[in-house]
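K.L.:
Structure, please.
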Amino acid sequence: MLSARSLYREILDNDYAFRLFCSIAASGEAQGGWENGRIAALVPEAQRELAPKISRHGADEDKHGRIFSALLHRRGLHPLPVPPEADYTMLLERAGIGLAHVRLLGDEPLTEQDIVTYLSHSRVTEQRASEQMAMLTKYFGDHPDVGKAVRMISHDEDNHLSYCHEELLRLAREGHGRTIQRILHECSLAEIRIYRDVSLAVTAHMGRILGWGRTKAVLLRLGIHATYGYERFGGRRRMVTLAMPKRRDAMGGPAPAASEAA
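P.N.:
Numbering: from 1, shown residues only. So this is what the prediction gives:
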């Protein structure tokens with residue numbers, strides 16, 4: 001039976017496929033950790049109260065990267081280079097999603113508009129991360145090897161999404177509402193396209209590793225395109241709405257250590 005659970009089980013049970021999956025995940029999380037760390041260091045004075053939360057966000061992402069690396073180490077595996085066509089975070093950056101790295105490498109403080117842009121982009125990408133980790137938790141939350149890790153990461157991603165909602169609503173009340181909605185719509189359109197392309201690339205790599213037949217590969221590609229169509233013509237609304245989260249001040253306090261999950 002062709003299902004998300006069975007596909008992820010194949011990846012989990014194959015060392016080379018697992019290496020690729022964890023390598024892609026670890027690289028993306030590490031990149032997110034660096035970006036958030038730089039943004040925290042460059043927060044403008046008017047938004048300084050956000051700096052500890054952004055720093056916590058970056059620490060969480062760093063922790064997730066270490067967790068995926070630890071999962072590889074536990075199986076005696078080493079990370080693989082991430083194929084460029086499967087590098088979600090790099091492709092997002094190239095498409096202008098998130099603040100430009102050339103800006104983050106400098107020392108000039110960000111503007112309030114930069115913070116609005118950063119949080120709007122994060123609201124979209126954290127929606128994706130939260131949903132992906134919720135799915136992995138549903139399928140493998142009780143798995144003896146990866147269960148604890150996926151549960152912790154899923155909890156963190158939910159916190160990140162809650163934080164984005166709460167802070168964007170605050171900024172909307174301060175007069176940035178129309179800008180936030182414009183950025184959310186622009187970003188969501190770019191993200192769903194990149195997610196489709198990365199999904200196709202990862203599926204192609206996994207198909208070669210796991211020996212998927214033509215019929216299975218075609219069905220998976222059709223499913224990815226169908227998901228994109230659904231998101232393009234309505235499904236992405238979940239990425240652009242704002243609502244006060246049940247978890248308030250989700251990013252207050254220090255990040256738990258990666259050793260608690262790995």
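K.L.:
Going by C-alpha atoms from here, please, whenever you check contacts or count neighbours.
P.N.:
Will do.
K.L.:
where along the protein do the strands fall?
P.N.:
In the chain, no segments count as strands under DSSP state E.
K.L.:
Check it for its longest helix and report it.
P.N.:
Ranked by residue count and defined by DSSP state H, the top helix of the chain is helix 177-210.
K.L.:
helices and strands around that one, which ones?
P.N.:
Counting contacts by 3 or more CA pairs under 8 Å, 6 or more residues apart in numbering; DSSP states H and E, helix 177-210 packs against helix 4-13, helix 15-41, helix 88-94, helix 112-140, helix 147-171, helix 214-230, helix 237-240.
K.L.:
Quick one: work out the angle between it and helix 15-41.
P.N.:
Helix 177-210 and helix 15-41 meet at an angle of 160 degrees, taking axes from the mean of the first three to the mean of the last three CA atoms, to 10 degrees as the criterion.
K.L.:
Pull the distance from helix 177-210 to the chain's centre.
P.N.:
Distance, stretch centre to chain centre, for helix 177-210: 11 Å (CA atoms, centre = their mean, to the nearest Å).
K.L.:
can you give me the angle it makes with helix 214-230?
P.N.:
Put simply, helix 177-210 runs at 180 degrees to helix 214-230, going by the same axes, to 10 degrees.
K.L.:
rewinding a little: generate a markdown table for the helices and strands packed on helix 177-210, with mean pLDDT and distance to Arg48 as supplementary columns.
P.N.:
Formatted as a markdown table, the helices and strands packed on helix 177-210 follow (pLDDT from 0 to 100; distance: least, CA to CA, whole Å):
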| stretch | mean pLDDT | distance to Arg48 |
| --- | --- | --- |
| helix 4-13 | 94 | 41 |
| helix 15-41 | 97 | 9 |
| helix 88-94 | 95 | 25 |
| helix 112-140 | 97 | 10 |
| helix 147-171 | 97 | 13 |
| helix 214-230 | 97 | 38 |
| helix 237-240 | 97 | 25 |
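K.L.:
can I get those in a markdown table with mean neighbour count and distance to Ser55?
P.N.:
Output for the helices and strands packed on helix 177-210, formatted as a markdown table (neighbours: other CA atoms under 10 Å; distance: least, CA to CA, whole Å):
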| stretch | mean neighbour count | distance to Ser55 |
| --- | --- | --- |
| helix 4-13 | 14 | 32 |
| helix 15-41 | 21 | 5 |
| helix 88-94 | 17 | 19 |
| helix 112-140 | 20 | 13 |
| helix 147-171 | 21 | 12 |
| helix 214-230 | 14 | 33 |
| helix 237-240 | 17 | 23 |
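K.L.:
In CSV, list these along with distance to Leu184.
P.N.:
Putting these into CSV (distance: least, CA to CA, whole Å) gives the following:
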stretch, distance to Leu184
helix 4-13, 28
helix 15-41, 19
helix 88-94, 14
helix 112-140, 6
helix 147-171, 11
helix 214-230, 17
helix 237-240, 5
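K.L.:
Any idea which of these gets closest to Arg247?
P.N.:
Ranking these by their distance to Arg247 (criterion: CA to CA) puts helix 147-171 first, at 6.2 Å.
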